[in-house]
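Got a predicted structure plus its sequence, pasted below:
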Amino acid sequence: MHIVIANGDSDAAYIIDMFNTKENRLTVINGNEAVAQTIMERKHVAVTIGDPWHNTILEAARVYDADIFISLCKKDTDNFASCVMAKRNFHVKKCICAVSNPSNVDLYKKLGIDVVISSTYLLAKSIKNESNAESLIKSLSLDNEKIVMIEATLLPKYWICDQAIKDMGFPKNASIAYVVRNYNFIIPNGDLVLRPMDTLVVACAKENEVEILRFLKRQKSTAEELTAPAPTEAPVEKKSRRKKKQD
């Protein structure tokens, strides 16, 4: 799968780590020379330096017919322009646009962007519209359902609440892309302690979706039962038998 990652700082580095596998071909574009140099040195991938909304930069990066184009610019308008350019002029199959203004989500979708993601929009929509635990967890399929992005808002009863990611045994076949907390966007590490009403976005393969959902929705009582030691039986007193002495 050919994936293009346009701009971004730490979020771009995280996505590069997630998709830099033998099965994927990565194309990285970044308009910040310092960030581009850091990515090349630390991630060992080539970076085309330039703004991704310019036709000449996209042509130099050879984004023709890419499967996914992810735009992570700081300005919403730059992300929109980059996605439109990639879609119309380079026939990219699916464009994913990150926005900071939640009002741009529906607008950009109406204007033809395939996927528009806003951390503020996701959190507000979850709190306003969702009324039960099942509906607080959603899945978004990418690349003909080979990759699944699971959005989960953590309820206080979930056992992973108030635990550090490194201590909870998070499944190795999934990765937490980011966490939304109090309208803030967090790129997690192992020391991050998850809190009630955090919204997690988790990436995994389609075949692992059920397993990940079960892990996320496990309640504290269930987890305690699974980890509690098995009850020990009370010791049974053995009665001694005396042999009768024969006369």
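On my side now, so go ahead.

Phi first, then psi, for the residue nearest to Ala174 when sequence neighbours are not counted.
Once flanking residues are discounted, Ala174 sits nearest to Cys204: 3.9 Å by Cβ to Cβ, 6 or more residues apart in numbering. Backbone N, C-alpha and C define where each C-beta goes, glycine included. With angles defined as degrees, to the nearest 10, Cys204 sits at phi -160, psi 170.

Confirm Ala12 sits in a strand?
No: secondary structure of Ala12 (DSSP: H, G, I helix; E, B strand; the rest coil): helix, not part of a strand.

what's across from the residue nearest to Ala174 in the sheet?
Listed by DSSP bridges, the beta-bridge partners for Cys204 are Val148, Ala174.

My guess is it contacts Val148. True?
Yes: between Cys204 and Val148 there is a contact under Cβ atoms under 8 Å: 5.6 Å.

Now for the closest residue in space to Asp76 that isn't next to it in sequence: which residues touch it?
Nearest residue to Asp76, sequence neighbours excluded (Cβ to Cβ, 6+ apart): Val99, at 4.4 Å. Residues counted as contacts of Val99 (Cβ atoms under 8 Å, 6 or more residues apart in numbering) are 76, 79, 105, 108, 116-118, 121.

go again using 10 Å as the cut-off
71, 73, 75-77, 79-80, 105, 107-108, 113, 116-121 (Cβ atoms under 10 Å, 6 or more residues apart in numbering).

Can you list which of these are found in strands?
71, 116-117 (DSSP state E).

which one of the residues you listed has the most neighbours?
Ser71 (28 neighbours; other Cβ atoms under 10 Å).

Tell me how far it lies from Glu41.
23 Å (Cβ to Cβ, to the nearest Å).

any idea which helix is longest in this structure?
Ranked by residue count and defined by DSSP state H, the top helix of the chain is helix 76-90.

Mean confidence (pLDDT) on the helix or strand just after it, please.
Per DSSP states H and E, the first helix or strand lying C-terminal to helix 76-90 is strand 94-98. Throughout strand 94-98, pLDDT has a mean value of 93.

helices or strands next to strand 94-98 in the packing?
strand 2-6, strand 68-71, helix 76-90, helix 104-110, strand 115-117, strand 137-142 (3 or more Cβ pairs under 10 Å, 6 or more residues apart in numbering; DSSP states H and E).

got JSON lines for these, with distance to Val45 too?
Shown next, in JSON lines, are the helices and strands packed on strand 94-98 (distance: least, Cβ to Cβ, whole Å):
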{"stretch": "strand 2-6", "distance to Val45": "9"}
{"stretch": "strand 68-71", "distance to Val45": "14"}
{"stretch": "helix 76-90", "distance to Val45": "19"}
{"stretch": "helix 104-110", "distance to Val45": "28"}
{"stretch": "strand 115-117", "distance to Val45": "23"}
{"stretch": "strand 137-142", "distance to Val45": "20"}
